[in-house]
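Undergrad: I'll drop the sequence and a predicted model, then ask my questions.
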Amino acid sequence: MRLRTLFAAAVLGAAATAVPGAAAVPAAAAPAGCTATDEEIYAAPPAAVQGNAGDLLACREAVLTNIPGDIPMKAWKVRYVSTDAEGSRNVVTGTVAVPKAEWTKGGPRPTVAFNPGTLGSGPQCAFSKQLAGRYVDMYEGGNLALFLKEGHAVAATDGVGYLDGQVHTYMVGANAGHALLDIVRASRRIPGGPPADGKVGISGYSEGGAASLWAAQLASSYAPELDVAGAAAGGVPGDLKVTAKALNGSLFAGFLADALVGLNAAYPQMPFTGLMNEKGEKAVRDVGSHCLFGTLAVFLGARVEDFTTDGLSLDEIYALRGPGGTTWGEIVDRQRLGEDIGGPGSGARYEIGFPVFQYRGWFEEIIPHETEDATRRRYCAAGVNTTWKNTYPTEHLTTDWGAAGDVTNFLDDRFEGKPAEGDC
């Protein structure tokens with residue numbers, strides 16, 4: 001079945017029904033036990049967040065019913081401190097899982113830092129809730145099962161904006177990268193969690209692929225104590241302007257709606273709410289009240305011009321200025337991947353000292369080929385050790401599953417210290 005048909009059926013069914021990471025003060029003590037309630041894990045953040053990036057604020061043992069295979073494991077929901085794109089402390093949630101089977105491949109057990117693909121933007125859509133069976137509109141439990149079967153621990157962030165009363169800051173690069181690195185830090189403060197000196201792999205697809213590359217770019221400056229061995233990223237919307245142009249008015253316009261509302265959540269000082277007509281105000285509410293397939297159903301074929309009183313196009317929105325004269329276009333450009341990157345000692349803003357695996361499906365129909373291919377070219381031009389594969393006979397969603405074995409093998413080889421040749 002073609003993915004376009006799969007998505008259309010699913011959405012119609014749904015319609016019917018660069019900031020330093022470590023502070024100079026000591027880290028906060030870990031909770032004495034993982035006895036927090038669900039309500040405490042997902043509670044709205046305090047007005048002022050205390051602690052350092054990676055501090056574990058609360059944890060709760062969990063049974064991950066949506067990871068198949070009956071893999072013996074210990075698992076927890078976690079609440080932890082991270083850093084937002086503006087440099088302020090924020091609070092993020094996620095899931096940590098450690099296989100019960102002994103790690104036998106030498107050295108301490110490694111951890112895979114994982115960011116899921118798009119799940120929806122309301123707090124009810126959080127990956128940690130879905131993994132534990134509270135709500136199901138996700139598709140990556142099997143991917144996590146592959147890591148766990150290999151003996152890897154998993155630290156899977158929900159991403160920023162899944163606490164009560166929030167909306168997800170979808171596709172905001174610094175938020176995503178920080179949250180992904182900080183859940184590894186937080187996981188090591190769980191009693192019985194992953195070892196503090198294990199190697200780290202980074203993985204994600206689609207939205208998660210962008211988060212994976214942001215974490216790769218930020219790792220050396222934001223979390224230099226982490227021993228990152230490699231990063232895998234697929235289906236990457238590396239340039240949001242290119243992606244938005246393709247999504248506007250398409251079957252998959254819901255992803256664009258998520259991005260616009262998510263950018264507003266991250267940059268509330270910029271013009272947004274006052275631009276909306278009645279349909280636009282409803283659209284903002286819809287983004288927060290639906291998860292993946294519901295959002296795709298509601299925004300099927302929608303165009304951004306329909307939601308503002310002046311019928312603003314994407315280019316006209318990009319030209320709007322906020323405080324200090326910053327434009328929306330400049331903020332969107334900040335999310336572009338592969339800018340000012342280089343190898344260790346290059347002097348680039350983002351130095352990457354480990355191999356990267358990038359991939360996409362041959363029949364990709366959601367993220368334009370041009371931006372995925374361009375991100376890979378920028379990594380190669382910067383001298384980053386990059387392996388590329390675009391020959392999966394799959395479309396967007398099915399590539400996530402089709403490449404999962406290669407992703408697991410790539411990271412396992414890095415954990416074992418095998419060299420990556422790259423193919424730039």
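TA: Structure received.

Undergrad: any idea how far His396 is from Ala403?
TA: Remark: distance between His396 and Ala403 (CB to CB, to the nearest Å) = 11 Å. (Glycine included, C-beta is placed from N, CA and C.)

Undergrad: got it, and Ser203?
TA: For Ser203, the distance to Ala403 equals 10 Å [CB to CB].

Undergrad: Which residue comes closest to the residue in the chain sticking out farthest from the centre once chain neighbours are left out?
TA: Seen from the C-alpha centroid of the chain, the residue lying at the greatest distance (CA atoms, centre = their mean) is Asp310, 32.8 Å away. Beyond its immediate neighbours in the sequence, the residue positioned closest to Asp310 (CB to CB, 6 or more residues apart in numbering) is Leu275, lying 7.3 Å away.

Undergrad: just for the chain, where's the confidence low?
TA: Counting by pLDDT under 70, the chain shows low-confidence ranges at 1-32.

Undergrad: what about 50?
TA: Using pLDDT under 50 as the threshold, the predicted model of the chain has low-confidence ranges 1-27.

Undergrad: in it, which spans are strands?
TA: Counting by DSSP state E, the chain has these strands, from start to end: 56-61, 73-83, 89-99, 111-115, 153-159, 200-205, 228-234, 341-342, 350-351, 356-361, 386-392.

Undergrad: Mean neighbour count and distance to Cys291 added to those, as TSV?
TA: Conversion of those to TSV gives the following (neighbours: other CB atoms under 10 Å; distance: least, CB to CB, whole Å):
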stretch	mean neighbour count	distance to Cys291
strand 56-61	22	22
strand 73-83	25	18
strand 89-99	25	16
strand 111-115	30	17
strand 153-159	30	13
strand 200-205	30	17
strand 228-234	27	21
strand 341-342	20	33
strand 350-351	22	32
strand 356-361	27	23
strand 386-392	18	26
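
Undergrad: Quick check: which of those strands is nearest to Ala244?
TA: Put simply, out of the strands of the chain the one that sits nearest Ala244 is strand 356-361, at 18.0 Å, with distance taken as CB to CB.

Undergrad: partners of that closest one, with directions?
TA: Each strand that pairs with strand 356-361, with its direction, by DSSP bridges: strand 228-234 (parallel), strand 386-392 (parallel).

Undergrad: Which one of those strands lies nearest to Trp76?
TA: Ranking these by their distance to Trp76 (criterion: CB to CB) puts strand 228-234 first, at 22.3 Å.

Undergrad: quick one: contacts of the closest one?
TA: Judged by CB atoms under 8 Å, 6 or more residues apart in numbering, the contacts made with strand 228-234 from elsewhere in the structure are 110, 199-206, 208-210, 212-213, 215-216, 219, 353-360, 399-400, 403, 407, 410-411, 414-415, 420.

Undergrad: List the contacts of the nearest residue to Phe299 once chain neighbours are set aside.
TA: Nearest-residue entry for Phe299: Gly254, 4.0 Å, with adjacent residues in sequence omitted and distances by CB to CB, 6+ apart. Contacts were defined as CB under 8 Å, 6+ apart; by that measure Gly254 touches 11, 295-300, 302.

Undergrad: any idea which of those is the one closest to Leu64?
TA: For these, the minimum distance to Leu64 (CB to CB) is 24.2 Å, reached by Thr295.

Undergrad: State the distance from the residue lying closest to that closest one once chain neighbours are set aside to Phe363.
TA: Taking CB to CB, 6+ apart, and ignoring the residues beside it in sequence, Thr295 has Gly254 as its nearest neighbour in space, at 4.0 Å. In this view, Gly254 and Phe363 are 20 Å apart by CB to CB.

Undergrad: try Val154
TA: The separation that Val154 has from Phe363, given CB to CB, amounts to 29 Å.

Undergrad: Equivalent analysis for Pro355, please.
TA: Taking CB to CB as the measure, Pro355 and Phe363 are separated by 26 Å.

Undergrad: okay, these two: which has more neighbours?
TA: It is Pro355, of Pro355 and Phe363, that has more neighbours when counted by other CB atoms under 10 Å, with 23 against 15.

Undergrad: residues in contact with the closest residue to that one other than its chain neighbours?
TA: Take Pro355 and drop its neighbours on the chain: the residue closest to it by CB to CB, 6+ apart is Ala420, 3.6 Å away. Each residue near Ala420 by CB under 8 Å, 6+ apart is listed here: 230, 355, 357, 385, 387, 410, 413-414.

Undergrad: now do Phe415
TA: Applying CB under 8 Å, 6+ apart, we find Phe415 in contact with 105, 110, 152, 199, 201, 229.

Undergrad: Apply 6 Å and report the result again.
TA: If you count contacts by CB atoms under 6 Å, 6 or more residues apart in numbering, Phe415 has them with 110, 199, 229.

Undergrad: okay if I get those residues as a markdown table plus distance to Ala53?
TA: Rendered in a markdown table, the data for these read as follows (distance: CB to CB, whole Å):
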| residue | distance to Ala53 |
| --- | --- |
| Pro110 | 21 |
| Lys199 | 20 |
| Ala229 | 21 |
